[in-house]
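Visitor: how would this look folded up:
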Amino acid sequence: MIEYKENGSFENLKNICIRDNANLTHGLNILYGGNGDFYFNTFGHEQELSDSKFICKSEFFIQNGGAGWVQFHKLIEDIKTKQYQSHERIIDDEGRISILSDDTSEEKANKLFIEQLDEGIKLTFFQNTNDSAFNIGIRISNSGSRYNPLNLCFMDMYNEFQKLAKKQDKKIEEEER
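Guide: Next up, the predicted model:
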């Protein structure tokens, strides 16, 4: 299920909340911050202790055809097509998109894997610090990103969600008339 919430920084933009249909208290927030950067934040997930150098991990799964699947599938295809444009290696040896949060150094950054599976798309977040104020968050900067110009693929995905939000708002307005 996708919910669109008012963005406190930008009047015409909505924050995107994709909830797990099996447990509506679990989900993924996608938002455009007041600083012009793009954020992924998980919420409500049981965070498992990780066996790697990361402190804990959280997974979010989007089933084929489920809420947000089309947008994430397009994101994966865009990155695979454009990855040669970035100086940073973004596809790992296992074929996953591997993103380090742009908010700190590589050694301290949280990590996100985006993986296309037969049954859907799996997002795995790894937290690298004890700071869990935002659960496990990933920041993709729009100025100075280590993934430039691939950060634009994430903005394209966000813009597709915004189009859906406007369609939903228009439908609600028409029903209220």
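Visitor: The longest helix along the chain - what's its average pLDDT?
Guide: Determined from DSSP state H, the single longest helix within the chain is helix 151-176. Throughout helix 151-176, pLDDT has a mean value of 86.
Visitor: Would you state the helices of this structure in chain order?
Guide: Counting by DSSP H, the segments of the chain that form helices are 69-82, 151-176.
Visitor: how about CSV for those helices, with mean neighbour count added?
Guide: (C-beta placed from N, C-alpha, C; glycine too.) Converted to CSV, the helices of the chain look like this (neighbours: other Cβ atoms under 10 Å):
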stretch, mean neighbour count
helix 69-82, 16
helix 151-176, 14
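Visitor: of the ones you listed, which approaches residue 112 most closely?
Guide: Nearest of the helices of the chain to residue 112, taken as Cβ to Cβ: helix 151-176 at 10.7 Å.
Visitor: In CSV, list the helices of the chain along with distance to residue 101.
Guide: Listed next are the helices of the chain as CSV, based on distance: least, Cβ to Cβ, whole Å:
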stretch, distance to residue 101
helix 69-82, 16
helix 151-176, 12
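Visitor: List the strands paired with the lengthiest strand in the chain, with their directions.
Guide: Ranked by number of residues, the top strand in the chain under DSSP state E is strand 23-32. Sheet pairing for strand 23-32, assigned by DSSP bridges, gives strand 14-20 (antiparallel), strand 38-43 (antiparallel).
Visitor: Next, the angle helix 151-176 makes with the shortest one.
Guide: Yep, that's strand 38-43 we're talking about. Relative orientation of strand 38-43 versus helix 151-176 (axes from the mean of the first three to the mean of the last three Cα atoms, to 10 degrees): 70 degrees.
Visitor: So, low pLDDT: which residues of the protein?
Guide: In the predicted model, the chain carries pLDDT under 70 at residues 21-24, 45-57, 87-88, 129-136.
Visitor: quick one: contacts for the residue most central in space within it?
Guide: The chain has residue 40 as the residue nearest its centroid, 4.0 Å off, counting by Cα atoms, centre = their mean. Each residue near residue 40 by Cβ atoms under 8 Å, 6 or more residues apart in numbering is listed here: 28-30, 112, 123, 125, 137-138, 140.
Visitor: Residue 4: which of the residues you listed is nearest?
Guide: Distances from residue 4 to the contacts of residue 40, taken as Cβ to Cβ, are shortest for residue 30 (10.4 Å).
Visitor: ok, that closest one - how many residues close by?
Guide: Other residues near residue 30 number 21, with proximity taken as other Cβ atoms under 10 Å.
Visitor: and what of residue 100?
Guide: Counted by other Cβ under 10 Å, the residues lying close to residue 100 total 23.
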